[in-house]
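Peer 1: Sequence isn't available, so here's the structure alone:
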């Protein structure tokens with residue numbers, strides 16, 4: 001296809017996007033009025049808890065009680081239900097499903113280059129592109145309020161999200177499709193934009209990058225393991241880190257024979273590209289522990305395995321994370337996924353510019369629980385958005401918005417999306433209106449959680 005033909009095709013697709021405004025006017029995206037029959041947010045959270053580890057749920061709710069911001073982090077299931085009642089254009093992409101601003105961060109590519117990208121895919125699913133954008137914009141307003149910013153500043157933060165998403169989508173629509181897939185946000189570029197925004201923001205970004213560079217697999221081994229009687233094992237620090245040998249019931253211990261564990265490991269290896277089989281065959285599982293982290297996923301089974309190599313002091317920590325149905329599954333066209341864990345892995349590879357070389361999946365034959373595998377804490381870093389000033393948070397959101405647009409452009413019709421959004425601020429203003437209104441909703445839902453804890457309907461343990 002010649003360049004003229006390619007540009008003609010892009011214009012045709014943009015016209016297709018503009019035509020969608022007749023059925024779904026852009027201003028309609030700004031409307032958020034909860035329906036009288038809106039689902040009880042506490043019931044939605046409890047429904048999600050049904051198959052989780054009950055003794056860990058009070059930790060989840062204790063963390064959600066800290067603020068409306070932490071509540072929003074743990075309540076993707078609530079917002080998914082609400083987004084399903086909002087207007088959509090009908091243009092589909094691979095969604096993150098939980099594009100909260102803290103689900104972005106720094107990590108290393110297989111070439112050991114640091115990049116910035118989306119880093120949470122538990123809820124990934126094909127669906128309306130607007131939903132990820134609205135969640136990111138709403139989380140920006142909630143974060144701004146948490147930081148004590150004025151209302152006009154918080155509104156500006158939401159506008160930054162939609163405007164930079166729009167600009168990036170135009171750029172990706174006009175790029176060759178291969179270039180979109182090759183594009184990544186290198187950490188050096190992130191440092192440059194932070195340093196230009198403010199001195200405080202620049203220092204904060206440098207600190208995050210420095211910590212990520214130091215958070216190697218060797219550092220994880222040193223922090224999470226110890227040598228006892230000449231043998232390396234995972235530290236026991238319940239309830240956040242509990243060795244499996246200490247917590248598994250006797251009948252489960254009997255099932256977890258060396259042969260059984262070897263089979264689980266081999267099942268995981270079989271999901272990796274063939275050239276990586278030789279790499280992972282160099283290691284064997286020597287210990288395991290249940291690990292608690294984050295907020296929204298607390299209560300799901302998250303296990304870390306210590307793997308030791310054939311060389312002395314050579315070790316690796318891999319994480320197995322339980323994968324259940326996406327919170328979006330009830331509200332979009334259902335896909336026939338053979339495995340929820342495979343859904344997470346494939347979604348991550350679709351959306352990220354570069355992914356963990358250890359991404360794989362298994363199903364535990366004894367329990368039927370599905371897990372995806374990944375390396376734990378290998379050159380990963382996240383921003384403390386609560387410590388960022390206005391310029392710093394605005395810059396952070398610009399970078400997040402570009403990454404989100406790139407992920408959507410990889411998996412959807414960038415030209416039609418950019419045509420629908422258009423050049424004016426009509427759509428951006430609408431998303432901003434929604435974000436402010438939904439931040440208010442989040443605060444009301446947060447109060448509902450506080451009341452549920454006070455009444456005894458929910459049990460919470462703070463400070464863990």
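Peer 2: Arrived safely, thanks for sending. Owing to the predicted nature of the structure, the values given are computational and were not obtained by experimental measurement.
Peer 1: List the residues that contact residue 458.
Peer 2: By CB atoms under 8 Å, 6 or more residues apart in numbering, the contact set of residue 458 is 42, 46, 61, 449, 452. Using the backbone N, CA and C atoms, a C-beta is placed for each residue, glycine as well.
Peer 1: How is this protein partitioned into domains?
Peer 2: For the chain, the structural domains run 3-213+387-455, 217-375, going by automatic domain parsing.
Peer 1: Save these as TSV, and put in mean neighbour count, mean pLDDT and distance to residue 381 too.
Peer 2: Output for the domains of the chain, formatted as TSV (neighbours: other CB atoms under 10 Å; pLDDT from 0 to 100; distance: least, CB to CB, whole Å):
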stretch	mean neighbour count	mean pLDDT	distance to residue 381
domain 3-213+387-455	20	96	3
domain 217-375	17	92	12
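Peer 1: Tell me the spacing between the most centrally placed residue in the chain and residue 338.
Peer 2: For the chain, the residue sitting closest to the mean C-alpha position, by CA atoms, centre = their mean, is residue 120 at 2.1 Å. Taking CB to CB, to the nearest Å as the measure, residue 120 falls 22 Å from residue 338.
Peer 1: Repeat that for residue 91.
Peer 2: 26 Å.
Peer 1: Tell me the gap between the longest helix belonging to the chain and the middle of its chain.
Peer 2: Ranked by residue count, the top helix of the chain under DSSP state H comes out as helix 426-455. With CA atoms, centre = their mean, to the nearest Å as the basis, helix 426-455 stands 20 Å off its chain's centre.
Peer 1: for that helix, packing partners?
Peer 2: helix 41-49, helix 57-64, helix 68-73, helix 76-83, helix 129-146, helix 151-174, helix 414-421 (3 or more CB pairs under 8 Å, 6 or more residues apart in numbering; DSSP states H and E).
Peer 1: Make TSV out of those and add distance to residue 441.
Peer 2: Below are these laid out as TSV (distance: least, CB to CB, whole Å):
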stretch	distance to residue 441
helix 41-49	9
helix 57-64	15
helix 68-73	10
helix 76-83	7
helix 129-146	9
helix 151-174	14
helix 414-421	24
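Peer 1: Mind checking these for the one nearest to residue 106?
Peer 2: helix 129-146 (17.6 Å; CB to CB).
Peer 1: how many degrees apart are that closest one and helix 414-421 in direction?
Peer 2: 60 degrees (axes from the mean of the first three to the mean of the last three CA atoms, to 10 degrees).
Peer 1: could you give the angle of helix 129-146 to helix 426-455?
Peer 2: 60 degrees.
Peer 1: Need the domains of the chain in TSV (columns: distance to residue 462).
Peer 2: Listed next are these as TSV, based on distance: least, CB to CB, whole Å:
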stretch	distance to residue 462
domain 3-213+387-455	4
domain 217-375	13
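Peer 1: closest to residue 461 out of those?
Peer 2: Of the domains of the chain, nearest to residue 461 by CB to CB is domain 3-213+387-455, at 4.1 Å.
Peer 1: Just give me how far stretch 399-416 sits from the chain centre.
Peer 2: The answer for stretch 399-416 is 15 Å, by CA atoms, centre = their mean.
Peer 1: Actually, stretch 81-93.
Peer 2: For stretch 81-93 - counting by CA atoms, centre = their mean - the centre lies 19 Å from the chain centre.
Peer 1: Having no further points to raise, I will conclude here.
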